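1. from the sequence below, what's the structure:
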Amino acid sequence: MTQPAVTRPAPITVVPNSPTPTSSVSTSVPVATAALTPAPAATDAPETQAAGDPPCRAAQLAGSLGAAQGAAGQRYQPIVFTNTSRQTCAIQGFPVVALIDAAGNRISDPAENEESAAPGTVALAPGDVASALLHTTNAAVDGACLAPSAMISVQPPGQDDYLEFAGVYIACDGLFVRAIVAGPTGE
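-> Residues are numbered from 1 along each chain as shown. Predicted structure coming up:
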């Protein structure tokens, strides 16, 4: 069965001493399901940010997975966002997160927003970090585990652009994400 092709947004590259990002040619890649859409939740982030700092765009952020933690059959691992730009930006709310395999196919539905404290605005100065905690079970209880991811795809809250970074994550019985907080732990 042929997978439908979805045109992904062009990767965005920040050019030093340039006030605006530039983009390269857009590509079409097969994906296992439709394009990313945020999971609905009453606590979705507003599209505007508080007090002056512009919202963080994907081109200003580098992503990585932090140290995994586990307790009582649960697995938690933060997605860490580092501001790699030369200006302070603000981030608030829930990112849209999906797992991607080595061939570039999406292997998970977007993570569901997990109840957590009301999202606050995090101002990220150049080099500062914020994080959002991913959550799944350690082993399948009611369903099956997905194949390990090769990449993590993340849309910053309220933004249309996304970033992808290398990361191995195995989701079992669902994939959940908490709101973004300051610091690298997701808590």
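2. for stretch 78-85, list the C-alpha coordinates in CSV.
-> Listed next in CSV are the C-alpha coordinates belonging to stretch 78-85 (Å, rounded to 0.1, in the frame of the first residue of the first chain):
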residue,chain,number,x,y,z
PRO,A,78,11.9,15.8,28.8
ILE,A,79,12.2,17.4,25.4
VAL,A,80,14.7,20.2,26.0
PHE,A,81,14.5,23.4,23.9
THR,A,82,17.6,25.6,23.7
ASN,A,83,17.4,29.1,22.3
THR,A,84,20.2,29.2,19.7
SER,A,85,19.3,32.7,18.4
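3. residues of that stretch that come out buried?
-> Neighbour counts over stretch 78-85 (16 or more other CB atoms under 10 Å) mark P78, I79, V80, F81, T82, N83, S85 as buried. Where you see a C-beta, it was placed from the backbone N, CA and C, and this is true even at glycine.
4. can you give me every residue that contacts the third one?
-> Contacts of V80 were listed using CB atoms under 8 Å, 6 or more residues apart in numbering, and they are G63, S64, L65, G66, V129, A130, S131, P184.
5. the residue nearest to Q92 when sequence neighbours are not counted: neighbour count?
-> Counting by CB to CB, 6 or more residues apart in numbering, T121 is the residue found nearest to Q92 once chain neighbours are left out, at 4.3 Å. Neighbour count for T121, taken as other CB atoms under 10 Å: 18.
6. in this structure T121 contacts A90, no?
-> Yes. If you go by CB atoms under 8 Å, T121 and A90 touch, sitting 5.2 Å apart.
7. so how far is L61 from the most centrally placed residue in the chain?
-> Computing the C-alpha centroid of the chain and ranking residues by CA atoms, centre = their mean puts V154 first, at 2.5 Å. Distance, V154 to L61, by CB to CB, to the nearest Å: 8 Å.
8. so what sits against both of the two?
-> Shared contacts of V154 and L61, counting by CB under 8 Å, 6+ apart, come down to F81, L163.
9. for S153, give me its contacts.
-> Listed by CB under 8 Å, 6+ apart, the contact partners of S153 are L36, V97, A98, L99, I100, R106, Y162, L163, E164.
10. next up, the contacts around A58.
-> So A58 contacts I12, V154, Q155, P156, Q159, D161, Y162, L163 (CB under 8 Å, 6+ apart).
11. pull the most distant pair out of the residues you listed.
-> Using CB to CB, the contacts of A58 span at most 13.5 Å, a distance reached by I12 and V154.
12. one step back: tell me the one of the contacts of V80 nearest N138?
-> L65 (16.2 Å).
13. now do that closest one, the pLDDT please.
-> Looking at L65, its pLDDT stands at 96.
14. what's the burial count for it?
-> Neighbour tally, L65, other CB under 10 Å: 18.
15. show me which of the buried residues of stretch 78-85 is closest to A139.
-> Closest to A139, out of all of the buried residues of stretch 78-85 and judged by CB to CB, is P78, at 20.8 Å.
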